[in-house]
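**Q** Sequence and predicted structure below; questions after.
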Amino acid sequence: MKAFLKWFFTYITAFFFIFYFFQSASGLESTPPEGLKVDQSQEDAPAPKVHIHDLMPQVVVLDSMANLYEAVEFDHEMHAVEVGCAKCHHHIVEHTDQTCTIHNVVDQTNDPFCARCHKGWFPGSLDKAKCKDCHSPDRFTADYLNKIEKDKDIYHRDNIGLMGAYHNQCMRCHVEEGIGGCQDCHVRTETGDKEFRADAGASGATKKSSEDGH
Amino acid sequence: MKSLNRRNFLKSGLAGGALATFLGREKPAQAREFSGYTNKGTGVLVDLSRCVGCRSCEAACNREQNLPEPDVPFDDFSIFDTERHGGLKRRTSEGVFTVVNRYNPEELDHPLFRKFQCNHCEEPACLTSCFVNAYTKTPEGAVMYNPKVCVGCRNCMIACPFYVPAYSYSKPLNPIVEKCIMCYPTRLKFGKPPACVEACPTEALTFGSRVNVLKFAKERIRQHPEIFVDHVYGEKEVGGTAWLYISPVDFKKIGFDMNLGHQPIINYVKSFLATVPMVLTIWPALFAGFYRLANRKDGLKKDNNEGAREESQS
């Protein structure tokens, strides 16, 4: 009896191994090497699967503080590969490379609460879902303030502005990585030097020592 | 005419005094229910969990208000280590309207930064302590100071519960009180946020109507109870302030005074101050009357003597 059971389990395990091998081999055969771009083979798929990495911006130029700091070329692709999409694009669920479609990233229909209002806001096209669509670059202009004070229909009144959204997302990791200083990312302009009174050191030293003497 | 004898005069005098005391007490009793002008004015919400201590606000304040050169550049973070006498952190002073201080609360694994400036109280103690009305609270919420009428008594510096107003001791000829004015003349008047708010890269400072930013504060606490302590500093403190704070750690540990109470500072002295005009108006008349009564008999005697003299002469 014991011997029979032993052989039985070995046989079953071997069977599954062989089955799995064939399964994965046939899977590889049916996926074309360029299939990452547009997968035409799946006819019954609801939407054509476009891989996100081909449509997302490679570099994003951040120049809203151009008077104080030179424009920053944010390596979007590197960050997407290194830390993943959901780390920054915060309303989405984390996807693997294979399942990550634009539709999943930006349309929030998978959350019933979001879908009440946001269904179809970003139908399939990445250029329609920019950070600044929700995080205003003019957060404290009179127009924007009036809008959120007066318009009773707006639910997300306390939406952080674009600069704040960027910094809060970036700084979380950058401080941990030890590159949290302003000038680790931003190169200061001459106006910036003036703003931060970079020249204040020389005469300040004497001033300070005189204060200590009191 | 009914003769005014001593008894009647004293009676009416006492009754009048009692009435005046009663009326004088009635008014401040009503004022005690003051809970802030919550429907007017702008405010700024300071989210301490977002501040990264970059000192951009200090730099922007310096530029906007044309303040003198600082001791060290604004990108020098060694200033967080400086301590005043007795281990106290930096505070606002002449030419420095806002400071950022660093704290190391033990429950966090990272330092916490706290911006500090005039809180622009709804019922400002500096304003109420000033006897020449050098201070005004604008409808937009800023507490303004007028150096032209200031006599330099510095009562405001003593009255301020946050120790904000500073005196320009370096100007011996025309010293003035200096403090944050919420950028009123250059920005707030035109609906723009103060320079520090606009400069803040992490939006740790949120500008809007005070009513709205207070709602934001409560909503952020509601949505993230794991981050924030359930308290909005400035909602009720000293009658409410235009600048509100939410914090991830107990406010006591990061230098906030939690013993200020919810009354505007003036309420503690209002009942006393109300008696001052009463004393000034009633007491002279009252005591002048007493004096006249005390000397009335002398006067009568004098009159009688004069009458008798006239009679004897005729």
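**A** Arrived safely, thanks for sending. Here the structure is a predicted model, which is why all the values come from computation and not from measurement.
**Q** where does the stretch 201-314 of chain B dip in pLDDT?
**A** Low-confidence segments of the stretch 201-314 of chain B (pLDDT under 70): B:310-314.
**Q** Show me which residues of it are close to chain A?
**A** Proximity of the stretch 201-314 of chain B to chain A (Cβ under 8 Å from any Cβ of the partner chain) is limited to residues B:201-203, B:206-209, B:212, B:215-216, B:219-220. All C-beta atoms are positioned from the backbone trio N, CA, C, and that covers glycine.
**Q** what pLDDT does A:Cys88 get?
**A** The model reports A:Cys88 with a pLDDT of 79.
**Q** surely it meets A:His79?
**A** Yes - with contacts counted by Cβ atoms under 8 Å, A:Cys88 reaches A:His79, the gap being 7.3 Å.
**Q** what does chain A have sitting close to chain B?
**A** Contact residues, chain A versus chain B (Cβ under 8 Å from any Cβ): A:65, A:139-140, A:142, A:145, A:148-149, A:157-158, A:160-161, A:163-165, A:167-168, A:171, A:175, A:180, A:182-183, A:194-201, A:203-204, A:207-208, A:211.
**Q** Now the buried members of those residues.
**A** Those of these that meet the buried threshold are A:65, A:139-140, A:145, A:148, A:158, A:160-161, A:163-165, A:167-168, A:171, A:180, A:182, A:195-198, A:200, A:204, by 16 or more other Cβ atoms under 10 Å in any protein chain shown.
**Q** Let's see which of these end up in helices.
**A** With helices taken from DSSP state H, the overlap with these comprises A:145, A:148, A:163-165, A:167-168, A:171, A:182, A:195, A:204.
**Q** how about the nearest residue to A:Arg139 once chain neighbours are set aside, what does it touch?
**A** With Cβ to Cβ, 6 or more residues apart in numbering or on different chains as the criterion, A:Arg139 has its nearest non-adjacent residue at 2.8 Å, and that residue is A:Gly161. Applying Cβ atoms under 8 Å, 6 or more residues apart in numbering or on different chains, we find A:Gly161 in contact with A:135-140, B:203.
**Q** Which one of those residues is nearest to B:Gly307?
**A** Closest to B:Gly307 out of the contacts of A:Gly161 is A:Phe140 (86.6 Å), distances taken as Cβ to Cβ.
**Q** which stretches of chain A form helices?
**A** A:2-30, A:52-55, A:76-83, A:102-106, A:112-118, A:131-134, A:142-150, A:162-176, A:182-185, A:190-195, A:201-212.
**Q** what ranges of chain A fall below the confidence cut-off?
**A** Applying pLDDT under 70 to chain A flags the ranges A:1-5, A:8-53, A:55, A:90-112, A:114-115, A:118-129, A:201-214.
**Q** For chain B, what's the nearest residue on it?
**A** Going by Cβ to the nearest Cβ, chain B is nearest to A:Gly164 of chain A, at 2.6 Å.
**Q** any idea how far A:Met171 is from that residue?
**A** Counting by Cβ to Cβ, to the nearest Å, the gap from A:Gly164 to A:Met171 is 10 Å.
**Q** B:Met278 too?
**A** According to Cβ to Cβ, B:Met278 and A:Met171 sit 59 Å apart.
**Q** Just want the angle from the helix or strand B:Phe216 falls within to helix A:142-150.
**A** For B:Phe216, the host element (DSSP states H and E) is helix B:210-223. For helix B:210-223 against helix A:142-150, the angle by axes from the mean of the first three to the mean of the last three Cα atoms, to 10 degrees is 70 degrees.
**Q** Identify each buried residue in helix B:210-223, please.
**A** Neighbour counts over helix B:210-223 (16+ other Cβ under 10 Å) mark B:210, B:212-214, B:216-218, B:220-221 as buried.
**Q** now stretch A:57-73
**A** Within stretch A:57-73, the residues that qualify as buried are A:60, A:62, A:65, A:68-69, A:72, counting by 16+ other Cβ under 10 Å.
**Q** Residue of the stretch 101-250 of chain B nearest chain A, please.
**A** Nearest residue of the stretch 101-250 of chain B to chain A (Cβ to the nearest Cβ) works out as B:Glu203 at 2.6 Å.
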